[in-house]
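[1] Kindly generate the corresponding structure for this input.
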Amino acid sequence: MDDNNRNLILAMVLSALVTVGWYAFFAPPEPTVDPAAVPTATTAPATATAPAPGTAAPAPGAVQADTGAADPSRDAARLTIQSPALRGTISLAGGRIDDLLLTGYRETLDPASPFVRLLSPTAQPRVTEEGTPAAPATEAEVVIQKPYYAVYGWTPGPGVDPALVPNPATVWTAESGQTLAPGQPVTLAWNNGAGQIFRRTFELDDKYLFTVTQTLENTAATPFAAAPYGIIARHGRPDTQNYFVLHEGAVGMLDGELLEEKYKNIADLDPVAGEGQADVRQVTGNGWIGFTDKYWMTTLAPAPGQPFTAVVKYAPGADIYQTEARMPLQTVAAGATATTSSYLFAGAKTYEVLHAYQEDRGIERFVDAIDWGWFYFFTKPIFHILHWLHGIIGNMGWAIIALTFVLKMLVFPLARKSYVSMARMREMQPQMEAIKERTGDDRVKYQQEVMALYKREKVNPAAGCLPMLIQIPIFFSLYKVIFVTIELRHAPWFGWIRDLSAPDPSSLLNLFWLLSYAPPAQGTLLHSLSLPALAIVLGISMWVQQKLNPAPADPAQKMIFAWMPWLFMFMLGGFASGLVLYWIANNTITIIQQYTIMSMHGHPPQLFGNIRDSLPKRRKG
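    You can find the predicted model right below:
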């Protein structure tokens, strides 16, 4: 067995091992419901209190609802949110944004399925898809839903009675506007009766960005000190994808440093004096902080250049995760007014939208809210090329195939060198056979003479495995792009491939829908044996590519080669169909390249001869 084939086998085995490890260790377990994450109807509501100076803002759990009438948000009025991308309501209890649907996205491929719900209230009727309030929340609904909302308030300054500043339980008055829409702001007001009037104005663009302006007007005869803040709170641990390669939890950019904390790590944070379990960081320049899911995100972003304190914390008693943006203390002179503005992003993590907010609103490195991973230097360029191709072609499946051509062009010099080397190795085969006969069983002398032959003929035996090795980081980077970017979610190709971010739904077990029963559920053992159509095409393409080269003489190596295509066929069958489509396109282009280049050098691959030699031989007689 020559060094070229040995290196090729090594590369294939390494690829298989890496892929098996990736599939085995990164695949998510079946989702389970954490009973501790579900609020119970028997839990008494906590008492709403304002924070002490210099301590944390009031915990959102202070207004956590149960089924009793003590929750101030139960009977509070609501203002409507209506935009091309969002639909929801604002509760006047706390002035919180806690009811939000993403009208550009459905839960499933079914066009009649519900819109994706991003934010949920504690115990309020939610808005319907038609924009009207839903029926009153039942006790069961209150128990099973996991509240998720953004709320704002003020921390009292030194010597200020906490009752004189609004907190998450304060019921506001709608001063102007009843519907928040692009170009139609709404303003809430609250008078503490002691000479201070607090106002909160919400503005909304046509995508996912709220501008929140908090104003403190001091009509009293003495100065008044308070600090504005914003909180994003999640009651209970949300249902997550739970993939090792995907970040879900707290996310932020603090003075140019990316912050990522998974929910399990937030729950294990060390106690901080006056804060509880928290991670507290001072931001001197630009920054933002919030929570991210796979495709959706809610973040607080103070105005660019505004110093603030970023907090990630967990309240174990109430089982609440929260992120906070606390602004500096403001002392408002008698007769003066203080104003602070910040942004609230609540929506889908589409690259173009995030990039526009980064460039136009100065939200630093906002596109890094997308989980590009450790190999961002691969994933970002691959995404940009794919996104550009999709803009030209208009179909993400064909864009993936076009991307394959682009990537193959980039590595073509290596591929050409590899195939030329393989052709030269074919030319040298008689000389290598002569060396083998001359050296006999002396392996050391054989290797020395073979290496001298390679050097004399200027042939690199390792060149044959370079194109395969370079496919590994490209494959994983494309896997990351397909997995985390919302542009691939529910993106169709043609026919039965309606979601390139999901596995091929066809199945050999029901003869690709010729039989009436449904294929096995994903995650089951039978599903791994169901073999979707794309996986079968992948296995065949790998088998044909393999047959471009003669089978190795060594029986063990021959067996590895024989099983490799079918092993990959089963392993990759459950991967995203977009990724399998890329691999099929890559194999097809590789077959054409190798056959063409080796033929140009006078040694075309003996494809049909190699296939014939691999078939079982009939015994004579």
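
[2] Now for Arg438: which residues touch it?
    Arg438 makes contact with Glu449, according to CB atoms under 8 Å, 6 or more residues apart in numbering. (Each C-beta comes from the backbone N, C-alpha and C, glycine too.)

[3] so where does it fall, helix or strand?
    According to DSSP states H and E, Arg438 maps onto helix 429-439.

[4] for that helix, the distance to its chain's centre please.
    55 Å (CA atoms, centre = their mean, to the nearest Å).

[5] what's the angle between the helix or strand just after it and helix 429-439?
    Later in the chain than helix 429-439, the nearest helix or strand by DSSP H and E is helix 443-457. Angle between the axes of helix 443-457 and helix 429-439 is 150 degrees (criterion: axes from the mean of the first three to the mean of the last three CA atoms, to 10 degrees).

[6] Determine how far helix 443-457 lies from the middle of the whole chain.
    On CA atoms, centre = their mean, the centre of helix 443-457 falls 50 Å from that of its chain.

[7] So which other helices or strands are in contact with whichever helix or strand comes after that helix?
    Using DSSP H and E, the helix or strand that follows helix 443-457 in sequence is helix 466-484. With contacts taken as 3 or more CB pairs under 8 Å, 6 or more residues apart in numbering; DSSP states H and E, helix 466-484 sits against helix 3-26, helix 376-393, helix 412-427, helix 577-600.

[8] Residue ranges of each domain in the protein, please.
    Split into domains by automatic domain parsing, the chain comes to 35-371, 379-614.

[9] Save the ones you listed as JSON lines, and put in mean pLDDT too.
    Converted to JSON lines, the domains of the chain look like this (pLDDT from 0 to 100):
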{"stretch": "domain 35-371", "mean pLDDT": "84"}
{"stretch": "domain 379-614", "mean pLDDT": "81"}
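
[10] Skip the chain neighbours and tell me the closest residue to Phe512.
    Among residues not flanking Phe512 along the chain, Ser506 sits closest, at 4.8 Å (CB to CB, 6 or more residues apart in numbering).

[11] Does the one you found touch Ile536 like I think?
    No: applying CB atoms under 8 Å, one finds Ser506 not in contact with Ile536, separated by 9.3 Å.

[12] The two: which is more packed in?
    Just comparing Ser506 and Ile536: by other CB atoms under 10 Å the higher neighbour count belongs to Ser506, 22 against 17.

[13] Doesn't that one lie inside a strand?
    No: secondary structure of Ser506 (DSSP: H, G, I helix; E, B strand; the rest coil): coil, not part of a strand.

[14] which phi and psi does it have?
    With angles defined as degrees, to the nearest 10, Ser506 sits at phi -70, psi 160.

[15] Check Val367 too.
    With angles defined as degrees, to the nearest 10, Val367 sits at phi -70, psi -20.

[16] what's the neighbour count on it?
    19.

[17] any idea how far the nearest residue to it once chain neighbours are set aside is from Arg365?
    In space, and not counting its chain neighbours, Val367 is closest to Leu354: 4.8 Å by CB to CB, 6+ apart. Remark: distance between Leu354 and Arg365 (CB to CB, to the nearest Å) = 10 Å.

[18] just checking, what packs against the host helix or strand of Ala535?
    Element membership for Ala535, per DSSP H and E: helix 533-546. For helix 533-546, the elements it packs on are helix 555-572, helix 577-600, judged by 3+ CB pairs under 8 Å, 6+ apart.

[19] Name the residues of stretch 235-245 that are buried.
    By neighbour count on 16 or more other CB atoms under 10 Å, the buried set for stretch 235-245 is 235-237, 240, 242, 245.
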